[in-house]
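S.K.: whatever this is, show me its structure:
(one chain, ligands or ions: 2)
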Amino acid sequence: MKNLRIYDTTLRDGVQGQGISFTVEDKLKIVKALDEFGVAYIEAGNPGSNPKDIEFFERVKNIKLKNAKLIAFGSTRRANTTTEEDANVISLLNADTEVVTIFGKSWDFQVIEILKTTLEENLKMIYDTVKFFKDKGKSVIFDAEHFFDGYKQNPEYALKTLEVALEAGADSVCLCDTKGGAFPMEVYEITKTVVDKFNTEVGIHCHNDNGMAVADSIMAVEAGAIQVQGTINGYGERCGNANLCTLVPNLQLLMGYKCVPDENLKQLTHLARFVSEIANVTHDERAPFVGKNAFAHKAGMHADAVNKNTYSYELIDPSLVGNSRTFLISEVAGRGAVLNAINEIDPTIKKNSPETKLILDRLKEMEYLGYQYENAGGSLELLIRKVLGRYKPAFNLKEFKVIVNEPSVNSVNSFAIIKVEVDGVEEIAAADGDGPVHALDNAVRRVLERFYPQIKEMRLTDYKVRVLDSNSATAAKVRVIIESTDGKDSWSTIGVSTDIIEASWRALVDSIEYKLNKEN
Ligand SMILES: CC(=O)SCCNC(=O)CCNC(=O)[C@H](O)C(C)(C)COP(=O)(O)OP(=O)(O)OC[C@H]1O[C@@H](n2cnc3c(N)ncnc32)[C@H](O)[C@@H]1OP(=O)(O)O
Ligand SMILES: CC(=O)C(=O)O
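M.R.: Numbers count the residues shown, from 1 in each chain. Ligands and ions are numbered 1, 2, ... in the order given. This next block holds a predicted model:
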C-alpha cells in the first residue's frame, strides 16, 4: 500500500473562499482536530498577510502536535528586491515553523503580465527565497503556482521553475492548478513528466473551477504524486479546492492508498461537520461520504436491496468514515423501506403482513395530498401507530378561535381561545402571542399542561412553511414542518392545508401527541 502525505490548507486557501473566516481560537481548534485526524501537514496561514495569522503562529507554539507538521505559507520575494528586505519573507521567517511553503509563478504569462518582471528575475526570486529558508534550516515546499497552465504554454519555462527551486534546496515541489481548469488526463500526463524528470517528492494542489479538483488530484496520484493538498469540505478561493473529505476516502478505501491511520478515518464525518460548524456554513448534506444523504436510501427498490445486502447500493460501510445509514420514507418507498420504521414500533410485522401494505398505501395517499414524511419522522411514527391501532389520542379538540388585531399593541397582535376534552373533562384556556400560530401554541400548552405536566419540557426549535402550489395565490396549499425537543429527543411533525393556521395546528398536535405517545 503506497503512503501518501495529506496536506491540509483549510486554514490558508480555505479562508480564501467566500464567507469563510476563522478567529485565532477557531484556527487553534481546527489545528488540533486535523492533527488528531492524522494529516501530515497543516498549512495554517499566511503570516505576511495579516496580524491574525501572526498571532496564530505565536499561540500555536503552545500546542504539541502528534502527527502533523505545521506550515507557514507565503510568496517568493518581490521583484527587484532582496529576501532580507522583503516584509513577507521576514514575516514567514518570524512564524518560526519547521516547514515553510513558498509559492512562485511557473507560468510565463503571469510573470510578464502580473509580476511585471522578466522571466529571468522570476527564476532568481524563486531561487533566492528557497535558498534563504534552506540556509535558515527550514524544510521548504515549493508551490509551483499555475504550473499546469504554464506547462501547456511554455513547458521548458514551467519545468525550469521547478529545477531552480530544487537547485536552491527545496525538499519537494507541488504542482498547482491555480485557475482550476485542468482536465484529469492532462494532469496525469504532466505530473508523470515531472515525476519521471525529477528525483523528488511531488505534490498536487487543485482548484475546482471546472469541477474536477478531486479527479485531477487522483490522476496526479496515479501519475506518482505523493503529497495531496486540499481542504476540509472543499472550501477555498472561488469554487474551492480539492475536497479532502471526498479525496481521502476515495484514495484510502476505494483505491488502496494510505492517507491516515484506518481507525482515524472514522473521525472524518465529525471533522467535516465540526469545520462547517466553526465556519458557520451549513454543512453540505449531499457531500460524498460525509453528508447525511451519502448513505440515505429513498427509492423503494434501493432500500429493499440494502436491507438484503448493503453492498448493493453503498460504496463503503458508512461507519468506516463515521457516517450512518438512513432510510427515507416517502411516496417512492416500497414495503421493504417502511418495514424498518414499522419494526421500530412492532418488530413482529413482516414485509408480507397486511399492515405493511396498509401503512404504505396510507403514506402514499397522504404524500399525494402534499405531506412529505422524509423530514417528519414524528408524524410518520404517529401514522404507523394509527394504522397498527397503537395510538391513543391524548385529547379531543372541541374548538379553537384565533383573533388577529391590527395594529398590534406592544408587538402582541394575536389571541387564541381553545376548549379541549380529556377523559370526559372539558377545559378552556386563552393566550396571546406574537402571531396567530404563537398564540395558538401558547393556548394549547396552557390547557393541556393541566392534564399532562410533561408538556412543559417541550419546546419548538424550528417552524418552516412551504407553499405547495404557489399559482393558486392566497388559496395555495401550505406545508408546515415543526421541529420540537424535550431536551432528550428531537422530532419533526408536519401539517398540510390551504389554511396556514390549520396546517400549523396539525403539525402542532402531532408534535404534542408524539411526545405523549412516546412516553406510553
Ligand atoms: C494562488 C494563491 O492562492 S497564492 C496566495 C494568495 N493569497 C493571498 O493573496 C492572501 C494574502 N495576501 C495579502 O494579504 C496581500 O495580498 C499581501 C499582504 C500579501 C500583499 O498586499 P499588497 O502589498 O497590498 O499587494 P496586493 O495584494 O495588492 O498585490 C499583490 C502583489 O504581490 C505580487 N505577487 C503576486 N504573486 C507573487 C509571487 N508569486 N511572488 C512574488 N510576488 C507576487 C503581485 O505582483 C503584486 O505586486 P505589486 O504590488 O508590486 O504589483
Ligand atoms: C498556491 C496556491 O494556492 C495555488 O496555486 O492555487
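S.K.: what about the closest residue to residue 251 other than its chain neighbours, neighbour count?
M.R.: Nearest-residue entry for residue 251: residue 257, 4.3 Å, with adjacent residues in sequence omitted and distances by Cβ to Cβ, 6 or more residues apart in numbering. C-beta here means a position set from N, CA and C on the backbone, and glycine is covered the same way. Neighbour count for residue 257, taken as other Cβ atoms under 10 Å: 20.
S.K.: which parts of the stretch 1-150 of the chain are helices?
M.R.: 24-37, 51-59, 87-94, 108-110, 119-135, 147-153 (DSSP state H, counting those that start in this stretch).
S.K.: for the residue nearest to residue 52 when sequence neighbours are not counted, the count of nearby residues, please.
M.R.: Leaving aside its chain neighbours, residue 52 sits nearest to residue 24 (5.9 Å; criterion: Cβ to Cβ, 6+ apart). Residue 24 has 18 neighbouring residues, counting by other Cβ under 10 Å.
S.K.: now for residue 24: which residues touch it?
M.R.: By Cβ atoms under 8 Å, 6 or more residues apart in numbering, the contact set of residue 24 is 52, 55-56, 59.
S.K.: that older thread, quick check: phi and psi on the residue nearest to residue 251?
M.R.: Residue 257 has phi and psi values of phi -90, psi 160 when expressed as degrees, to the nearest 10.
S.K.: any idea how far the residue lying closest to residue 116 once chain neighbours are set aside is from residue 125?
M.R.: Distances taken as Cβ to Cβ, 6+ apart place residue 79 nearest to residue 116, at 7.3 Å, with adjacent residues excluded. Separation of residue 79 from residue 125 (Cβ to Cβ, to the nearest Å): 6 Å.
S.K.: equivalent analysis for residue 327, please.
M.R.: For residue 327, the distance to residue 125 - Cβ to Cβ - is 58 Å.
S.K.: just to revisit the earlier point, shared neighbours of residue 79 and residue 125, which are they?
M.R.: residue 117.
S.K.: looking at those two now, which is surrounded by more residues?
M.R.: Ranked by neighbour count (other Cβ under 10 Å), residue 79 and residue 125 place residue 125 first, with 27 against 14.
S.K.: near ligand 2, which residues of the stretch 151-300 of the chain show up?
M.R.: 176, 178, 205, 207 (Cβ under 6 Å from any ligand atom).
S.K.: rerun that using 5 Å as the cut-off
M.R.: 176, 178 (Cβ under 5 Å from any ligand atom).
S.K.: break down the stretch 151-300 of the chain into its helices, ranges please.
M.R.: Under DSSP H, counting those that start in this stretch, the stretch 151-300 of the chain gives helices at 155-167, 184-197, 213-222, 244-249, 268-279, 300-308.
S.K.: just put these in a markdown table and tack on mean neighbour count.
M.R.: Converted to a markdown table, the helices of the stretch 151-300 of the chain look like this (neighbours: other Cβ atoms under 10 Å):
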| stretch | mean neighbour count |
| --- | --- |
| helix 155-167 | 20 |
| helix 184-197 | 18 |
| helix 213-222 | 25 |
| helix 244-249 | 26 |
| helix 268-279 | 20 |
| helix 300-308 | 18 |
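S.K.: next, format those as CSV and append distance to residue 484 and mean pLDDT.
M.R.: Output for the helices of the stretch 151-300 of the chain, formatted as CSV (distance: least, Cβ to Cβ, whole Å; pLDDT from 0 to 100):
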stretch, distance to residue 484, mean pLDDT
helix 155-167, 59, 98
helix 184-197, 47, 98
helix 213-222, 39, 98
helix 244-249, 31, 98
helix 268-279, 22, 97
helix 300-308, 27, 95
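S.K.: buried stuff in stretch 488-499?
M.R.: In terms of neighbour count (16 or more other Cβ atoms under 10 Å), stretch 488-499 has its buried residues at 491-497.
S.K.: same question, stretch 76-85
M.R.: 76-78, 83.
S.K.: and stretch 40-56, which residues are buried?
M.R.: 40-48, 52-54, 56.
S.K.: now do the end-to-end distance for that stretch.
M.R.: Counting by Cα to Cα, to the nearest Å, you get 19 Å between the two ends of stretch 40-56.
S.K.: chain center to it: distance?
M.R.: Centre-to-centre, stretch 40-56 and its host chain are 23 Å apart (Cα atoms, centre = their mean, to the nearest Å).
S.K.: cool, and stretch 325-333?
M.R.: On Cα atoms, centre = their mean, the centre of stretch 325-333 falls 22 Å from the chain's centre.
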